[in-house]
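**Student:** Can you look at this prediction? I've put the sequence above it.
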Amino acid sequence: MRGRWKAVAAVVLGGMLAVSGCGGGDEGGSDASQVEVFSWWTGPGEADGLQAMKADFEKKNPGTEFVNAAIAGGSGTQAQAVLASRLQNRKPPDSFQGHAGAELLDYIKAGQIEPLDSFYDDNGLRSAYPRQLLEQITYQGRIYSVPVNIHRSNVLWYNPRILEDAGLSGPPKTVAEFIAALKAVKDRTGKVPLSLGAQWTADHLLENVLLGDLGTDAYNALWKPGADWSTPAVAKALTDFAEILEYTTVEAASTDWQGAAKAVVDGKAAFNIMGDWAYGYFVNPAPNGLGKTLDTDFKYAPAPGTDGTYLWLSDSFTLPRGAPHRAGAIAWLKEAASKEGQDLFNPKKGSIPARKDADRGLYKGYLEYALNEWTRPDIRLAGSFWHGVTANKKWHTDIDTAVGLFLQSRDVGKLQAALVEAAKNSGR
């Protein structure tokens, strides 16, 4: 992954306020009677992966009860609200899921999670993870989370039969081609051109349109201190975003990402832009997956305008300060960091491992493609704002509020003004 991480690290960490160290991160504590693991992995694919890790954890730690505290809600929106309340009331779980990157800075500044430097040293993790990834998740010289995976946010899933019926020779390569393709599907097939789910999937769509229209450098620049969101280029991207939304359905907003993605493989919708966790949902067998077949029921491509760029995010686990069963939490972090745990989890989740030494033979179909893309020497990186890489929690919330209001008004000018204000008040 070479030096490209350095630029992304500057995007994520540049301009953040300095914080003091948050403790020593030692592995003290003797209560391993149980471990409460808090996550939002409840959907097909991700729940299967968590169950596989749980089974391996219980085999390795026969005296420790695994308490699955997962809370449903796509992208962790509901889970993070519950977690915030628990942390405020000093009732933390033993370990909780968080997106690697700027999302964790709020926990660090509040002193709610412990640094894990000695955990990394004691378990040989500095050599197990890519050096550039460790640089990315290091803040003020310390590491605060254990990455389990790498996801790609900029994936276009599509139904090949519907594209053929619409007279399209393949997936669109630019945002302009995407809009034309959506129109062709609507005019010629009667199918839903683009499936969309709950509001957060519109935020997810927005980051893809911004990247597709602006390009990697200009997109990454939006998250740097003093970034200008008032430019004509941003206005053009937001106008395209508004036009794309005209080809979605109001009814679709009542469901989460699974329902929107399922519409594609069921032949009801032509396109869906979603992260690659959708792959596990598509191909895992029933009842937890759909048991669909790649190249027959669905295909994939980079989101329009983003080929050559990996819009990335990573799920990770933390050690909360005051964890009731600290020794159990350490045991869970060892599982999350292990080659065995990551190779059990990621093929089911639809993600690739964060470790360097995973068994590549386990990653087939789309996942083989994702691993090859991730390790390409010329691949460019952009951090997902919605999934915690580049935007802290306040900025994330302010963008979501702006998008929610826009979905009602469809006023591009007001959306851009709100995004300008959100960036100004982000603390970057």
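**Tutor:** Done, it's in.
**Student:** contacts and neighbour counts: CA atoms only from here.
**Tutor:** Noted.
**Student:** what are the ranges of the strands in the stretch 151-300 of the chain?
**Tutor:** Taking DSSP state E, counting those that start in this stretch, the strands of the stretch 151-300 of the chain run over residues 155-158, 192-194, 269-273, 299-302.
**Student:** May I have the strands that pair with whatever helix or strand comes next after the last one, each with its orientation?
**Tutor:** So the one you mean is strand 299-302. Later in the chain than strand 299-302, the nearest helix or strand by DSSP states H and E is strand 309-313. Its sheet considered, strand 309-313 pairs with strand 149-152 (antiparallel), strand 380-383 (parallel) by DSSP bridges.
**Student:** quick revisit: most tightly surrounded among the strands of the stretch 151-300 of the chain?
**Tutor:** strand 269-273 (a mean of 29; mean count of other Cα atoms under 10 Å).
**Student:** what pairs with that one, and is each one parallel or antiparallel?
**Tutor:** Strand 269-273 has these strand partners (DSSP bridges): strand 155-158 (antiparallel), strand 192-194 (parallel).
**Student:** What average pLDDT does the first one get?
**Tutor:** Going back to what we said before, that points to strand 155-158. Mean pLDDT, strand 155-158: 98.
**Student:** Same check on the shortest one?
**Tutor:** When pLDDT is averaged along strand 192-194, the result is 97.
**Student:** re earlier: Thr138: which of the strands paired with strand 309-313 is closest?
**Tutor:** Evaluated with Cα to Cα, these place strand 380-383 nearest to Thr138, the distance being 15.5 Å.
**Student:** From the chain's centroid, how far away is the closest one?
**Tutor:** 13 Å (Cα atoms, centre = their mean, to the nearest Å).
**Student:** now the nearest residue to Ala79 once chain neighbours are set aside: how far from Ala81?
**Tutor:** Spatial nearest neighbour of Ala79, excluding adjacent residues (Cα to Cα, 6 or more residues apart in numbering): Ile71 at 5.3 Å. The spacing between Ile71 and Ala81, counted by Cα to Cα, to the nearest Å, is 10 Å.
**Student:** the more surrounded of the two?
**Tutor:** Set Ile71 next to Ala81 and count neighbours by other Cα atoms under 10 Å: Ile71 wins out with 19 against 10.
**Student:** In three-state terms, label that one for me.
**Tutor:** coil (DSSP: H, G, I helix; E, B strand; the rest coil).
**Student:** Can you show me the strands along the stretch 1-150 of the chain?
**Tutor:** Counting by DSSP E, counting those that start in this stretch, the strands of the stretch 1-150 of the chain are 34-38, 65-68, 95-99, 138-139, 142-143, 146-147, 149-152.
**Student:** Would you give the sheet partners of the third one, along with the direction of each?
**Tutor:** In the sheet, strand 95-99 lines up against strand 34-38 (parallel), strand 315-317 (antiparallel) (DSSP bridges).
**Student:** now it: how far from the chain's centre is it?
**Tutor:** Distance, centroid of strand 95-99 to centroid of chain: 12 Å (Cα atoms, centre = their mean).
**Student:** State the mean pLDDT of it.
**Tutor:** Here the average pLDDT along strand 95-99 is 95.
**Student:** Could you check how far Gly73 is from Lys109?
**Tutor:** Counting by Cα to Cα - Gly73 and Lys109 are separated by 26 Å.
**Student:** Can you pull the phi/psi pair for Asn392?
**Tutor:** phi -70, psi 180 (degrees, to the nearest 10).
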